[in-house]
Every structure is written in C-alpha cells, then in structure tokens.
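Novice: build the 3D model from these lines:
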Amino acid sequence: MKKMNIGAIRGAITVDENTPDAIINTTSCLLQEIIKKNQLQISDIISIYFTATDDLDAAYPAIAARQLGITQAALMCFQEMKVIGSLGKCIRVVVQICTPDSQAMMHHIYLKEAASLRPDLAINKKE
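Specialist: Below is the predicted model of the structure:
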C-alpha cells in the first residue's frame, strides 16, 4: 500500500463585484479547477481555508464548497491581511488533501487577475 501524505494546494481568483452570486460562483470556479487539475475526489479533501480581501463581504466563500458537495471537510473563512497596494476583490484558498503524491506534484491554481500573484504558477492568465 502506498504511503498517504497531506498535500496543500494553493489558489486564488478575483471577483468582479461584491455580491453573493459573484463571490459564490467565482469561488466555485476556482474550486472546480483545483479539483480538476489535481484529479481530486471530494473525499480526498481534508480542509479548505478561504481568505477574502476586505472589499468582499457579501457572502462566505465556503458556501461554494458546500454547494459542490464538500460537506465533510472542515471549512474556515478569514479576512485577508490588508496591505497597501495589494490586489483587491481577491479570494485565496489553501486546500488540504490526503494524497499518495508528494507536495511537488500539487497543481496550484491562480485565475483572472490573481494570476499576477504567482505568475510562475498561473495556468490561465485571464480566464
């Protein structure tokens, strides 16, 4: 039997407007891309930590995870630290998973304007 590890997948995406639908739909898009690119099963997910910039307060990003059927994983939402000149309307995630793969094999996902946060990891610059 192959040894199981805890992997951490990072991701971020920007939201067009501060509305519940925009926050939930955009977060759902990010989570679906993380799941797809990392070939995850919902049961692989241990926990997800979400942060949102202070200009996004219309809904909890974790609602998107629950709507995708992620109901057994621990979900927590936090406000992102405010830094002068930082990217606004941004949701960031850390998805912890149970995996036989090494951390080096994780595919981190940065979409829309959030691609500027980690251009070395961004897969789609303006999706």
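
Novice: next one: phi and psi at the residue nearest the centre of the chain?
Specialist: Among the residues of the chain, the one closest to the centroid is residue 93, at 3.4 Å (C-alpha atoms, centre = their mean). With angles defined as degrees, to the nearest 10, residue 93 sits at phi -140, psi 150.

Novice: so how far is residue 107 from it?
Specialist: Between residue 93 and residue 107 the distance is 13 Å, computed by C-beta to C-beta, to the nearest Å. For the C-beta atoms, the positions are set from N, CA and C on the backbone; glycine is no exception.

Novice: do residue 116 as well
Specialist: Per C-beta to C-beta, residue 116 is found 18 Å from residue 107.

Novice: select the longest helix from this structure.
Specialist: helix 20-37 (DSSP state H).

Novice: which residues does it contact?
Specialist: 9, 11-16, 40, 42, 48, 50, 52, 56, 58-61, 63-65, 67-68, 70, 91, 93, 95, 107, 109, 111-112, 123 (C-beta atoms under 8 Å, 6 or more residues apart in numbering).

Novice: related to what we said a few turns ago, anything in contact with each of residue 93 and residue 107?
Specialist: In terms of C-beta under 8 Å, 6+ apart, residue 93 and residue 107 are both contacted by the residues 9, 34.

Novice: wait, the residue nearest to the centre of the chain sits on residue 45?
Specialist: No: using C-beta atoms under 8 Å, residue 93 makes no contact with residue 45, being 10.9 Å away.
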